[in-house]
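Student: Provide a 3D model corresponding to the input given below.
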Amino acid sequence: MTVTLKEELKKILHEGIVIPAHPLALTGNRQLDEEKQRALTNYYLSSGAGGAAVGVHTTQFEIREAGLYERVLALAAEEIKNRESGRPFIKIAGICGPASQAAKEAETAVKLGYDLGLLSLGGLNEKTEEELLFHVKEIASILPVFGFYLQPSVGGRILSYSFWREFAEIPNVMAVKMAPFNRYQTLDVARAVCESSRRDEIALYTGNDDSIVFDLLTTFQFIVNGRPVRKTISGGLLGQWAVWTGKAVQLLEKIKKYKQNQDRFPSELTELAWQLTDANAAIFDAANSFKGCIPGIHEVLRLQGLLDGIWCLDLEETLSPGQKEEIRRIMAAYPHLADEVQKREQAEAD
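Tutor: All right, here's what the predicted structure looks like:
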């Protein structure tokens with residue numbers, strides 16, 4: 001039987017929420033640190049996030065080879081259940097790989113009570129767009145799908161407007177994370193959704209960590225059958241929001257208030273926009289083609305007191321030369337972007 005998204009969760013998804021991409025906490029010998037993993041989930045809950053995406057790129061795809069996929073998803077689900085407070089919290093499971101793997105992961109997510117599957121099409125570059133659409137339909141027959149346009153520089157591929165137009169018509173597709181890091185390709189997704197018959201069923205979310213504020217301020221308008229159709233980017237599902245999550249929640253609320261009233265543009269948002277992009281460039285290691293992206297997130301969480309180290313399952317995955325200094329630079333330059341969570345002594349940061 002196909003799982004569908006609860007109406008209350010649809011409502012908050014369209015209203016717009018902060019969804020951090022959940023990292024993986026490891027010990028110094030690169031074993032799962034269950035205590036820190038639970039603490040991270042609780043940090044996102046306490047920060048006011050509206051959901052979390054687990055088993056995604058930021059959680060490290062290698063959890064699958066290490067046999068940790070189900071355990072990591074289960075830990076997050078357990079903590080969310082333990083902290084139930086009447087406020088809805090959307091659980092999103094990362095799903096990837098060929099058909100057999102993706103279906104198994106979708107079934108695992110359903111078993112653990114996840115609400116949506118963030119479906120990555122990375123690694124399927126040999127497939128035609130028609131084959132990819134069939135793949136999406138198969139997963140959507142198991143649980144609701146959160147689509148994902150991944151930038152080519154980290155394993156994604158360019159997909160046509162026609163692909164997204166057909167994608168938007170698939171029943172049980174409930175949202176799309178637009179993360180091509182490209183204005184033209186982001187526009188393809190937005191127009192495809194607006195021109196589909198399911199436009200009101202699908203929420204648009206930014207995954208463009210290089211343009212968070214401007215994406216969230218955007219309202220698209222297209223003429224469809226002679227009539228204007230308007231649609232906003234509701235919220236974000238972002239690796240950047242794995243850190244400083246409390247401030248991300250405040251930022252989204254400020255943007256939502258402006259979009260509701262639009263009487264006076266808060267000029268500080270344009271300043272915050274480029275500051276956040278500068279910070280993201282350091283954390284994600286944009287200067288080195290994002291090689292240090294996950295360790296960069298870990299380093300910020302370490303300085304927040306939420307992780308003990310920056311260890312990854314891949315022994316070669318670490319900070320790039322100069323990245324640590326760049327992270328120190330942006331933390332000193334933009335302290336107002338950061339949460340004050342168990343902040344370590346400045347001497348350790350230096």
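Student: low pLDDT regions in the stretch 51-200 of the chain?
Tutor: For the stretch 51-200 of the chain, residues meeting the criterion pLDDT under 70 lie at 85.
Student: Quick one: the helices in it, in order.
Tutor: Remark: helices assigned in the stretch 51-200 of the chain by DSSP state H, counting those that start in this stretch are 69-82, 99-111, 129-140, 161-167, 183-194.
Student: got the buried residues for the fourth one?
Tutor: By neighbour count on 16 or more other Cβ atoms under 10 Å, the buried set for helix 161-167 is 163-167. For the C-beta atoms, the positions are set from N, CA and C on the backbone; glycine is no exception.
Student: Mind putting the helices of the stretch 51-200 of the chain into JSON lines with distance to Y43?
Tutor: Formatted as JSON lines, the helices of the stretch 51-200 of the chain follow (distance: least, Cβ to Cβ, whole Å):
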{"stretch": "helix 69-82", "distance to Y43": "10"}
{"stretch": "helix 99-111", "distance to Y43": "22"}
{"stretch": "helix 129-140", "distance to Y43": "29"}
{"stretch": "helix 161-167", "distance to Y43": "33"}
{"stretch": "helix 183-194", "distance to Y43": "29"}
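Student: which stretch among those helices comes nearest E325?
Tutor: Comparing the helices of the stretch 51-200 of the chain by their distance to E325 (Cβ to Cβ), the top pick is helix 183-194, with 30.3 Å.
Student: elements contacting the closest one?
Tutor: On a contact count with 3 or more Cβ pairs under 8 Å, 6 or more residues apart in numbering; DSSP states H and E, helix 183-194 meets strand 145-150, helix 161-167, strand 173-179, strand 203-206, strand 219-224, strand 227-238.
Student: hmm, 6 Å instead?
Tutor: Secondary-structure packing of helix 183-194 (3 or more Cβ pairs under 6 Å, 6 or more residues apart in numbering; DSSP states H and E): helix 161-167, strand 173-179, strand 219-224.
Student: how many degrees apart are that helix and strand 173-179 in direction?
Tutor: Calculated by axes from the mean of the first three to the mean of the last three Cα atoms, to 10 degrees, helix 183-194 forms an angle of 170 degrees with strand 173-179.
Student: Pull the number of nearby residues for L217.
Tutor: 18 (other Cβ atoms under 10 Å).
Student: do L75 as well
Tutor: The burial count assigned to L75 is 21, neighbours taken as other Cβ under 10 Å.
Student: Kindly report the same for the one 5 residues further on.
Tutor: Neighbour count of I80, defined by other Cβ under 10 Å: 21.
Student: Next up, the contacts around it.
Tutor: F89 (Cβ atoms under 6 Å, 6 or more residues apart in numbering).
Student: Next one: it from Y258, what distance?
Tutor: 30 Å (Cβ to Cβ, to the nearest Å).
Student: do E195 as well
Tutor: E195 is 27 Å from Y258, where distance means Cβ to Cβ.
Student: ditto for V54
Tutor: Counting by Cβ to Cβ - V54 and Y258 are separated by 31 Å.
Student: And H22, by the same measure?
Tutor: 29 Å.
Student: And the two? Which one has more around it.
Tutor: Neighbour totals were compared for H22 and Y258, and H22 leads with 27 against 16 (other Cβ under 10 Å).
Student: That one is in contact with V56, isn't it?
Tutor: No: if you go by Cβ atoms under 6 Å, H22 and V56 don't touch, sitting 7.3 Å apart.
Student: Among the helices of the stretch 51-200 of the chain, which comes closest to G246?
Tutor: helix 69-82 (17.3 Å).
Student: Pull the number of nearby residues for the closest residue in space to V249 that isn't next to it in sequence.
Tutor: Residue nearest to V249 in three dimensions, not counting chain neighbours: G48, with 4.0 Å by Cβ to Cβ, 6 or more residues apart in numbering. Look at G48: counted by other Cβ under 10 Å, it has 16 neighbours.
Student: Just to check, G48 is in contact with A248?
Tutor: No: with contact defined as Cβ under 6 Å, G48 does not reach A248; the gap is 8.9 Å.
Student: Tell me the secondary structure of Y43, please.
Tutor: Assigned with DSSP: H, G, I helix; E, B strand; the rest coil, Y43 falls in the helix class.
Student: quick one, what contacts it?
Tutor: Y43 makes contact with L306, according to Cβ under 6 Å, 6+ apart.
Student: how much space between it and E79?
Tutor: Applying Cβ to Cβ, the value for Y43 to E79 is 10 Å.
Student: Look up how far L32 lies from the closest residue to D314 other than its chain neighbours.
Tutor: Closest residue to D314 apart from its sequence neighbours, by Cβ to Cβ, 6+ apart: E62 at 5.9 Å. If you measure E62 against L32 using Cβ to Cβ, the figure is 12 Å.
Student: That's all I had, so thanks and see you.
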